[in-house]
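Q: For reference, the sequence and a predicted model appear below.
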Amino acid sequence: MNDLERDLEQLVAALAVPEPPDLVGPVMQRLDARPRHHRLVVAATAAMVLTLVAAVALPGPRRAIADLLGVGSVEVVLADRLPRVAAALELGEQVDTAPIAVSLPAALGPAEAVFVDAAGIVTFVWPSSDRLPETSTPGVGAIVSAVSGSLDAGLQKTAGPGSVVEVVLVGGRPALWIEGEHTIAVRRSGAPIFDTVRLADNTVVWQSGDLTLRFESRLDRDDAVAIAEAMTNGNG
Amino acid sequence: MKDEAELVERAKAGDRDAFAALVRMHQRLAYRAAWLVSRSDDEAADAAQEAFVKAWRALHRFRSGSPFAPWIARIATNEARNRLRSAGRRRRLAERASREPALEVVDPADVAVSGEKLRLVAAAIETLPERDREVIRYRYLLEMTEMETAAALRVAPGTVKSRLSRALARLRAVLEPEREDG
């Protein structure tokens, strides 16, 4: 070991870096100080940037990484432009019984149909009604989709300008509320499958056990979160 | 002492007590990392606190099983750096055209260094480009291993070796007129 390296090792002690004050208290306070419903209004500004993944699918120039929010198997990307929408609601094959156990909200009544797509994502569909205003998909009032954590597939949502992305609590744990126009794409092995991009309506995304759940409808935040809570309590 | 990986898992699931334990475990490192950049007690405390808050919000991106220390050191370093930049303050400790370390540099941080020789080394480090300074900071001043430094810099361990040898070479060059290598 030479002189310089020895000096550097001595420098640590000699620098007399002060001992920190206790940071635990202030840090935990700062965590609590964040409003529980933390609203992020996504606006199209020059500073808005996109994830590399979203930029691949978006027309226009690439930009740097943006904030990536995530709950379970669903990632939400904030963007100033939405990907081109290619598909209507593509849910896969209709099945008689769901392959995974999901506690559905009694308030919605029985689901009209259950689908499983190639990525293994299970979707329950309710028709539009007085209770459930029609969504962007004709005839559909609400959708619950469930993604198992063990699947390689995930969902990617891109929230465009005018969307609201908010952190809410479901079952006492952080969840995401996405209001306004956004797109959703199935993502497999990290790469988006953009021929399954479609527009989505107001959505709550949360995790319950091994499942990442989405509830999509035209209901407002409080009603939608209540539905999610009811489902979570059932799932335990 | 709780297993760090277990604490991380619990914190990722939203367990605040687990996260508080992680803060306790790593606050000294986070603070030191920030202090070495900002050289101010208050700024360092602020930056370190904010670093932990950012870490909490980014936990879902933290790979379970990875060591927490390099990650929080990196976040704290970046936080301290951003604050320097945004405050519009560039700490000009010694701009050098010549190789000679300026003994007249009056840097409050230097006052904390005992011994003339080490004072020179500290001043010389500050004259290096940030790329060199940061590898020296992690490896020597924060006493991280090569693996931890690699994780903090997000490079391969081999790259740490080469960056370090380049940094030390530059440091020697700055100090050369003053020293005799033994």
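A: Cool, got the structure. Fair warning: this is a prediction, and the values are worked out from it, not measured in the lab. Residues are numbered from 1 along each chain as shown, chains lettered A, B, ... in the order given.

Q: Which residues of chain A lie near chain B?
A: Those residues of chain A that sit near chain B, judged by CB under 8 Å from any CB of the partner chain, are A:2-5, A:7-12, A:14-24, A:26-28, A:30-31, A:34, A:68, A:70-71, A:172-174. (Glycine included, C-beta is placed from N, CA and C.)

Q: among these, which ones are buried?
A: Burial by neighbour count, 16 or more other CB atoms under 10 Å in any protein chain shown: within the residues of chain A next to chain B this picks out A:4, A:7-8, A:10-11, A:14-15, A:17, A:20, A:23-24, A:26-28, A:31, A:68, A:70-71, A:174.

Q: In helices only, show me those.
A: Cross-referencing these against helices under DSSP state H gives A:4, A:7-8, A:10-11, A:14, A:24, A:26-28, A:31.

Q: Dump those to JSON lines, plus pLDDT.
A: Formatted as JSON lines, those follow (pLDDT from 0 to 100):
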{"residue": "A:Leu4", "pLDDT": "88"}
{"residue": "A:Asp7", "pLDDT": "87"}
{"residue": "A:Leu8", "pLDDT": "91"}
{"residue": "A:Gln10", "pLDDT": "86"}
{"residue": "A:Leu11", "pLDDT": "88"}
{"residue": "A:Ala14", "pLDDT": "80"}
{"residue": "A:Val24", "pLDDT": "95"}
{"residue": "A:Pro26", "pLDDT": "93"}
{"residue": "A:Val27", "pLDDT": "94"}
{"residue": "A:Met28", "pLDDT": "93"}
{"residue": "A:Leu31", "pLDDT": "85"}
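
Q: Turn the residues you listed into TSV, including distance to B:Asp17.
A: Formatted as TSV, those follow (distance: CB to CB, whole Å):
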residue	distance to B:Asp17
A:Leu4	44
A:Asp7	42
A:Leu8	38
A:Gln10	39
A:Leu11	37
A:Ala14	37
A:Val24	10
A:Pro26	16
A:Val27	13
A:Met28	9
A:Leu31	12
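
Q: any idea what sits nearest B:Ala58, other than its immediate chain neighbours?
A: Excluding the flanking residues, the one nearest B:Ala58 by CB to CB, 6 or more residues apart in numbering or on different chains is B:Ile75, at 7.9 Å.

Q: now B:Met25
A: Nearest to B:Met25 is B:Glu4, by CB to CB, 6+ apart, at 7.0 Å.

Q: How many residues are close by that neighbour?
A: 17 (other CB atoms under 10 Å in any protein chain shown).

Q: looking at it, the residue nearest to B:Ala58 is touching B:Ala55, isn't it?
A: Yes - assessed by CB atoms under 8 Å, B:Ile75 is found in contact with B:Ala55 at 5.6 Å.

Q: Please read off the pLDDT at B:Val53 from the model.
A: pLDDT, B:Val53: 93.

Q: so which strand or helix has it?
A: If you go by DSSP states H and E, B:Val53 is part of helix B:41-57.

Q: report the longest helix in the chain, please.
A: All of this is about chain A. Chain A, longest helix under DSSP H: helix A:221-235.

Q: wrong chain, I was asking about chain B
A: Chain B, longest helix under DSSP H: helix B:16-38.

Q: Could you tell me the angle between that helix and helix B:41-57?
A: Going by axes from the mean of the first three to the mean of the last three CA atoms, to 10 degrees, helix B:16-38 is angled at 140 degrees with respect to helix B:41-57.
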